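Enquirer: Any chance you can model this:
(2 chains)
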Amino acid sequence: MNKIETKLVSVISDAVKKTFDLDSVEGLVMVEIPRDNANGDYSSNIAMRLAKLLKKKPFDIANELKENLTDDVIDHVEVAMPGFINFWMKKGAIADVINTVFDKGEDYGKSDFGKGEKYLIEYVSANPTGILHLGHARGAAWGDSTARIMKFAGFDPLREYYINDAGNQMDMLALSIEARYRESYGLDFEIPEDGYQGEDVKNVALKIREADGDKWLHAPREEMLAYFKEEGERLEMERIRLDLEYYRCEFDSWISEAKLVAEDRVTKAVAKMEEMGLTYEEDGALWFKSTEFGDDKNRVLRKQNGFYTYLTPDIANHIYKVERGYNKLINLWGADHHGYIPRMQAALTALGYPKGTLEVDLIQMVRLVENGEEVKMSKRTGNAVTIRELCDDVGVDAARYFFLCRALDTQFDFDLGLARSQTNDNPVYYVQYAYARICSILKNAPKYHRQAEYTLLNTAKETDLLKHINEFTDTVNDCAVHRSPNKLCNYAQKLAGYFHSFYGSCKVIDETQPELMNERLCLLEATKITLKNCLELLGIEAPEKM
RNA sequence: GCGCCCAUAGCUCAACGGAUAGAGCGUUUGACUCCGAUUCAAAAGGCUGCAGGUUCAAUUCCUGUUGGGCGCGCCA
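Expert: Here you go, the predicted structure:
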């Protein structure tokens, strides 16, 4: 809660105590900004919430409370049916936020709300066998922005990428590179049935050829494939990192599955599960009794052929997370993996970790649409549209904004034409335009100075804008708890809207009213700072000109 | 068959369990010799898929139902 709301809650709590001799109602007291400001600057529903307890009508409770609701920031109080208590604030009380914004600057909105609680957020985690494509773009932007927001809200998030570099898809990668390598020398070649057809694999082959020439044509095949696997992974990951960087997504930690294997973490995890009696053998395979922990069928850990399934090293991966001191694990998975959640949860439960250790946020499908029709393939490569292509096309700002502004659990169509348009159709430009507009005005305005208090910003437009600026910290905290950057997009959109509306009805630069002008310029500066901080959390640029 | 997600204006989407369900696009109409018109002001447009339930209060929570998407491998 911001300063004003905290104040109101305490005034209301005191009034409840005084009027009805009720203690510890703090948790019940809520204050919100009414949609319609004819219902006050702030309002509370406390009378309704006390109705049952006091066995009285909410309207009567509200009227009794009203007598004790006085404070130097409150101008007057009204009661409305069925029992809302509406508050009008003293001039200047709301505008006080301007100085808070000035004091905090680029830290405005930041708080210690999260109390430094550690979270490990794993996302993207695309296999090193191809280029990042559209399917990864939503999760990448979402995870990145969520981590930024959590950090700002005082949590301690770790951004982690899990590299699946030990499964048989890596052998497939090596074979695919071999085929392309042979192709480049005009030899017979065959890409395996489940092999990788992408341009990137061709490029890996060409790079190897560039460095080593035909050396590998004469080397023992085992040796060659081992090298192709290693080099393939290195080059693919290099590319993935560059694409993520371009997309403004940074990671703090990269965990290699192969390394987990090499450090015996996988065998140890299996040994531990066997020791705990969580497994059994059947048909030559090792099974995990996951149904005893909520899964709908038991799962294979080690296949008949002696290799582990995908699940096994991933269990080791999660154990390793906890061993590193993380008790709150968040995974961002594609919706097509939702069936995988119960077995991973079962594993963690079976191993004795408390419920709620792992939370999985599912990313619903994205379709790329242009002129009302789905774009399935990139025109250039014939493969899935890559993040880089998308960003080159519509810009990083628009791409990120489009993915961030919708709730994660709704599938949506990414409208290429709309994202590409640099007009008012495109919501990201609406917000950026507000920022550029403010910068331009401030540049042309006379010098302005901070004041001890602001008492002239009294129109409805000014009050709406001020109240919204006041909500920023709460919004950030709310977005952090719910891991929902889309609400921050919403906030930005509204902030821009309140500004444009204010600007349309109030003349800011007006030398005939210097006191008012100064206050309004301060309001613009506060809006500018808030908007910039907001965009920073979304990973979107705040342009001074456009 | 079982499981997960979604359904709100013509379209794309909002709405900590709150008051007359809001924006943008599109449609209609106004506002620049005046701080950036990529803007603003206004009109029109709704049985919030359907049926029950909980609540002082339900778009929101619960149950059922219809429609759409996805998943149910010793693939990763």
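
Enquirer: where in chain A is pLDDT low?
Expert: Within chain A, the segments meeting pLDDT under 70 span A:24-26, A:380, A:424.

Enquirer: Near RNA strand B, which residues of the stretch 351-500 of chain A? Just list them.
Expert: A:362, A:364-365, A:405-407, A:409-413, A:415, A:422-425, A:427, A:429-430, A:433, A:436-437, A:439-441, A:444-445, A:486-487, A:490, A:493, A:497, A:500 (C-beta under 7 Å from any atom of the strand). No exception for glycine: its C-beta is placed from N, CA and C like everyone else's.

Enquirer: Surely A:Leu8 and A:Ile85 touch.
Expert: No. The pair A:Leu8 / A:Ile85 is not scored as a contact, 9.7 Å apart, by C-beta atoms under 8 Å.

Enquirer: Need the residues touching each of these two.
Expert: Residues touching both A:Leu8 and A:Ile85 (C-beta atoms under 8 Å, 6 or more residues apart in numbering): A:Ser44.

Enquirer: in the helix or strand hosting A:Ile438, what's buried?
Expert: Applying DSSP states H and E as the criterion places A:Ile438 in helix A:427-444. Applying a neighbour-count criterion of 16 or more other C-beta atoms under 10 Å, one finds A:427-439, A:441-442 buried in helix A:427-444.

Enquirer: With stretch A:91-108 instead?
Expert: By 16+ other C-beta under 10 Å, the buried positions in stretch A:91-108 come out as A:Gly92, A:Ala93, A:Ile94, A:Ala95, A:Asp96, A:Val97, A:Ile98, A:Asn99, A:Thr100, A:Val101, A:Tyr108.

Enquirer: If we only consider those residues, which is nearest to A:Asn2?
Expert: Taking C-beta to C-beta as the measure, A:Asn2 lies nearest A:Val97 of the buried residues of stretch A:91-108, at 7.4 Å.

Enquirer: My read is that that closest one contacts A:Ala526, right?
Expert: Yes. Contact criterion C-beta under 8 Å: A:Val97 and A:Ala526 qualify, at 7.0 Å.

Enquirer: which residues are in contact with both of those two?
Expert: Common contacts of A:Val97 and A:Ala526 (C-beta under 8 Å, 6+ apart): A:Ile469.

Enquirer: what bridges to A:Tyr162?
Expert: On the basis of DSSP bridges, A:Tyr162 is bridged to A:Ile255.

Enquirer: contacting residues for the residue in the stretch 401-546 of chain A that RNA strand B sits nearest to?
Expert: Closest contact between the stretch 401-546 of chain A and RNA strand B, by C-beta to the nearest atom of the strand, is at A:Ser440 (2.3 Å). Residues near A:Ser440 by C-beta under 8 Å, 6+ apart: A:Glu544, A:Lys545.

Enquirer: And for A:Arg209?
Expert: A:Tyr181, A:Ser184, A:Tyr185.

Enquirer: Counting neighbours, which of those comes out on top?
Expert: Among these, the one with the most neighbours (other C-beta atoms under 10 Å) is A:Tyr181, at 24 neighbours.

Enquirer: what about the residue nearest to A:Gly167 when sequence neighbours are not counted, how many neighbours?
Expert: With sequence-adjacent residues excluded and distances taken as C-beta to C-beta, 6 or more residues apart in numbering, A:Gly167 is closest to A:Tyr310, at 6.2 Å. When neighbours are defined as other C-beta under 10 Å, A:Tyr310 has 13 of them.

Enquirer: same thing with A:Ile121?
Expert: The number of residues packed near A:Ile121 is 27, by other C-beta under 10 Å.

Enquirer: With just CA atoms, put stretch A:98-112 into PDB.
Expert: The C-alpha trace of stretch A:98-112 is given here as PDB (Å, rounded to 0.1, in the frame of the first residue of the first chain):
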ATOM      1  CA  ILE A  98       5.500  14.000  -6.600                       C
ATOM      2  CA  ASN A  99       8.200  14.500  -4.100                       C
ATOM      3  CA  THR A 100       8.300  10.800  -3.300                       C
ATOM      4  CA  VAL A 101       9.000  10.200  -7.000                       C
ATOM      5  CA  PHE A 102      11.700  13.000  -7.000                       C
ATOM      6  CA  ASP A 103      13.400  11.500  -4.000                       C
ATOM      7  CA  LYS A 104      13.600   8.000  -5.400                       C
ATOM      8  CA  GLY A 105      14.100   8.800  -9.000                       C
ATOM      9  CA  GLU A 106      15.000   5.600 -10.900                       C
ATOM     10  CA  ASP A 107      14.200   3.700  -7.800                       C
ATOM     11  CA  TYR A 108      10.700   4.900  -7.600                       C
ATOM     12  CA  GLY A 109       8.500   1.800  -7.400                       C
ATOM     13  CA  LYS A 110      11.300  -0.300  -5.900                       C
ATOM     14  CA  SER A 111      10.700  -1.800  -2.400                       C
ATOM     15  CA  ASP A 112      11.800  -4.500   0.000                       C
END
